[in-house]
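Colleague: sharing a model prediction with you, sequence too.
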Amino acid sequence: MSVAGRNARGEPAEGGVAAASAAGTQTLLRGLKVRECVAAGPHDAQGLAERLGTPRSTTRRILSSLAAARHLHHLPHRGYLPGRMPIHLGQRALEQRPLVAMAQPHCEALSRRTGDTIHLGIAEGAEVVSLLKISGTRGLEMPSRVGQRMPLATTGIGKALMLGMPEPRWRELHAAALALNARSPDRPPALPWEAYAERMRACRARGVVFDLEENEVGIRCAGAPVHDWGGQVVAAISVASAAPFMPEERLEAVAPLVRATAEAVARELGWPG
């Protein structure tokens, strides 16, 4: 005689296996939903049960299991918060998805759409370091290269990185650019501080910057910042071309494209928008 749900050998019957699998999947999905709800703000067991439409006893079991596995952390009189495990897993996910690898397809698509050269860079001190260069299709080879360092305060990609910095830091970087110009008379002159700061404030409001031959005569570009999951500016993307291909009206036209590309990369990094 077989026990209900088991065959003659005492093994789970096929229907019992399917039922157990379905129940396990449902529990897993409920657990994930609980984590999503807790991530949106602290919740107690009763509030979570009401939001999810699950029995309070079931919700408490899920919460206890997630807390034991460090996916949640319980604060008395406050509710549940995200635990150490999702933070750890999120950090590992970011480490395993390098910035350049995530950004490259977006930068290539932007280059195909505009025909211009695309750069991706990060800030190091008073300089921007180029991590990626996608050459344009206009037959113009930009002198830039991966690994090249340029001043933050005078390049489009550098000024895009500066949008995430406080204004006192802007002034320091502007002073560093002035000092560089004093040592290199062939460099284009920098704007006076007040005019420069006013232009940067306007750029921050738009989320995009322009380089009007401020770093190199004959080269113009538009740049936009890339944010990470916490909203910090961690990189920037620019579209660059020779001045004849990039009059001011075209800069205005490509500005939304470079901003959209930077935001697409930011979403890959977990930026909520």
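Modeller: All right, it came through fine.
Colleague: would you map the helices across the stretch 151-273 of the chain?
Modeller: Under the criterion DSSP state H, counting those that start in this stretch, the stretch 151-273 of the chain contains helices at 156-162, 167-183, 193-206, 248-268.
Colleague: okay, now Val226: neighbour count?
Modeller: As a burial measure, the neighbour count of Val226 was computed by other CB atoms under 10 Å and equals 30. Quick note: C-beta positions are derived from backbone N, CA and C, even for glycine.
Colleague: who does it bridge with?
Modeller: Taking DSSP bridges, one obtains Ala235 as the residues bridged to Val226.
Colleague: against Ile134, how distant is it?
Modeller: Computed with CB to CB, to the nearest Å, the distance linking Val226 and Ile134 is 15 Å.
Colleague: for Arg78, same thing?
Modeller: The gap separating Arg78 from Ile134 is 48 Å, by CB to CB.
Colleague: repeat that for Thr27.
Modeller: On the measure of CB to CB, Thr27 and Ile134 end up 46 Å apart.
Colleague: ok, the nearest residue to Met200 once chain neighbours are set aside to Ala179 distance?
Modeller: Taking CB to CB, 6 or more residues apart in numbering as the measure, Met200 lies nearest to Trp170, with 5.9 Å between them; neighbours along the chain are not counted. In this view, Trp170 and Ala179 are 15 Å apart by CB to CB.
Colleague: okay, these two: which has more neighbours?
Modeller: More neighbours sit around Trp170 than around the other of Trp170 and Ala179, counting by other CB under 10 Å; the figures are 21 against 12.
Colleague: packing partners of whichever helix or strand Ala101 is part of?
Modeller: Following DSSP states H and E, one finds Ala101 within helix 99-114. Counting by 3 or more CB pairs under 8 Å, 6 or more residues apart in numbering; DSSP states H and E, the packing neighbours recorded for helix 99-114 are strand 117-124, strand 127-134, strand 233-242, helix 248-268.
Colleague: quick check: buried residues in stretch 66-79?
Modeller: Residues of stretch 66-79 classed as buried: 66, 71-74, 79 (neighbour count, 16 or more other CB atoms under 10 Å).
Colleague: and which of these is nearest Cys221?
Modeller: Here the nearest of the buried residues of stretch 66-79 to Cys221, counting by CB to CB, is His71; it sits at 44.2 Å.
Colleague: surely the closest one touches Leu81?
Modeller: No: checked against CB atoms under 8 Å, the pair His71 and Leu81 is beyond contact range at 10.7 Å.
Colleague: surely Arg56 meets Ala49?
Modeller: Yes: when contacts are counted by CB under 8 Å, Arg56 is listed as touching Ala49 (4.5 Å).
Colleague: looking at Thr27 and Ile134, which one has more neighbours?
Modeller: The residue with more neighbours, out of Thr27 and Ile134, is Ile134; 21 against 14, by other CB under 10 Å.
Colleague: who touches the more buried one in this structure?
Modeller: Ile134 makes contact with 104, 107-108, 110-111, 117-119, according to CB atoms under 8 Å, 6 or more residues apart in numbering.
Colleague: for Thr155, grab phi and psi.
Modeller: Main-chain torsions, Thr155, degrees, to the nearest 10: phi -100, psi 150.
Colleague: verify the stated contact: it with Val128.
Modeller: Yes: checked against CB under 8 Å, the pair Thr155 and Val128 is within contact range at 5.9 Å.
Colleague: for the residue lying closest to Pro82 once chain neighbours are set aside, give me the pLDDT.
Modeller: Sequence neighbours aside, Ala39 is the residue nearest to Pro82 in space, at 5.5 Å (criterion: CB to CB, 6+ apart). According to the per-residue confidence, Ala39 scores 71 in pLDDT.
Colleague: number of residues surrounding Ala39?
Modeller: 12.
Colleague: then Gly273?
Modeller: For Gly273, using other CB under 10 Å, the count is 7.
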